Every structure is written in structure tokens, then in C-alpha cells.
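Asks: Generate a structure from the sequence data that follows.
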Amino acid sequence: MAKPIPKIGSRKNGRISSRKHPRKIPKGVIYVQASFNNTIVTVTDVRGRVISWSSAGSCGFKGTRRGTPFAAQTAAANAIRVVADQGMQRAEVMIKGPGLGRDAALRAIRRSGILLRFIRDVTPMPHNGCRSPKKRRV
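Replies: Numbers count the residues shown, from 1 in each chain. Coordinates of the predicted model:
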């Protein structure tokens, strides 16, 4: 009887146990996505693999309080606390969106002690693209 051919991506030949010691990550990228309703902070390594993330909603803020600067500050501090323990020293910051939490999240990142190489605004801007929705009547 022929032996079964092992699959290349099978769980038997791959290591699936969690690491005892987290990797040392000296450099990374911090993405801040600030909408009017929420602020999401994601920290990745240079290759783009997510190390930690946090949002105002995951920090316990509900409803309209998620869009506040304090909620953004708390989310940024929570996301950065994990990577500061793993030894991140330098980072690049990409800020996207029009929300209130932009400046507060950036202030919290500055306060964490990580050196920032640059801060880039990557908010998507249409060059007169789609027609915007009509204005709300309240």
C-alpha cells in the first residue's frame, strides 16, 4: 500500500505552538484611522504584519464617546503598551481620516517614548470623483 503524500501546508509539519518569548521588534509602523465614530490604532512591523491593535470601542467606550479625543488617546496608549514591552524604539506614523482623535492619538504616541521617523497623512482625497451624498437636514 502506498504511503499518503503529506500536504505542503499541513499542520503536522508546521509549528503551531505559540512563542514563549515574543520577537524583538526595533522598528515598526503605527496606523491611526480616525473616523467621526471611532478611532482604530494598529501597530505593525516593517513588513506589515500586525503586532497589536486597539480601538476606542475595544477600550470600553460605547456610542458617541468612541469618537472623542480621550477615547483615541486611550486606544493609542493600549496599542503601544504591548509593542513598547517588545522593544520597539522607532516608528513611522500613518494617520488617516477626519476624526477628532487624530491629534490626541498622535500626542499619546509621542508621550510613549517611541522615536518617530515621520508622520504622514494618508487620508484619501478624491480628485473630484464620486458625487458626495446630499447634505443632511436636521
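Asks: hang on, Leu115 packs against Met88?
Replies: No. Between Leu115 and Met88 there is no contact, the gap being 9.6 Å when judged by C-beta atoms under 8 Å. C-betas here are computed from N, CA, C, even on glycine.
Asks: Neighbour count: these two, which is higher?
Replies: Neighbour count, other C-beta atoms under 10 Å: between Leu115 and Met88, Met88 has more, with 24 against 10.
Asks: who's in contact with the spatially most central residue of the chain?
Replies: Geometric centre of the chain, nearest residue: Thr42, 0.8 Å, by C-alpha atoms, centre = their mean. Each residue near Thr42 by C-beta atoms under 8 Å, 6 or more residues apart in numbering is listed here: 30-31, 33, 50, 52-53, 79.
Asks: Find the nearest non-adjacent residue to Lys27, please.
Replies: Nearest residue to Lys27, sequence neighbours excluded (C-beta to C-beta, 6 or more residues apart in numbering): Arg90, at 4.9 Å.
Asks: partner residues bridging the one you found?
Replies: Lys27, Leu115 (DSSP bridges).
Asks: Assess the claim that it and Phe118 are in contact.
Replies: No. Using C-beta under 8 Å, Arg90 makes no contact with Phe118, being 10.4 Å away.
Asks: on that earlier part again, tell me who's in contact with the residue nearest to Lys27.
Replies: 26-28, 114-117.
Asks: pLDDT check: weakest of the residues you listed?
Replies: For the contacts of Arg90, the model is least confident at Pro26; its pLDDT is 87.
Asks: For that residue, which non-adjacent residue is closest in space?
Replies: Gln89 (5.5 Å).
Asks: Out of the contacts of Arg90, which end up buried?
Replies: When the contacts of Arg90 are checked for burial by 16 or more other C-beta atoms under 10 Å, the buried set is 28, 114.
Asks: now the contacts of Arg90 in TSV, with distance to Arg102?
Replies: Output for the contacts of Arg90, formatted as TSV (distance: C-beta to C-beta, whole Å):
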residue	distance to Arg102
Pro26	26
Lys27	23
Gly28	19
Ile114	18
Leu115	20
Leu116	14
Arg117	18
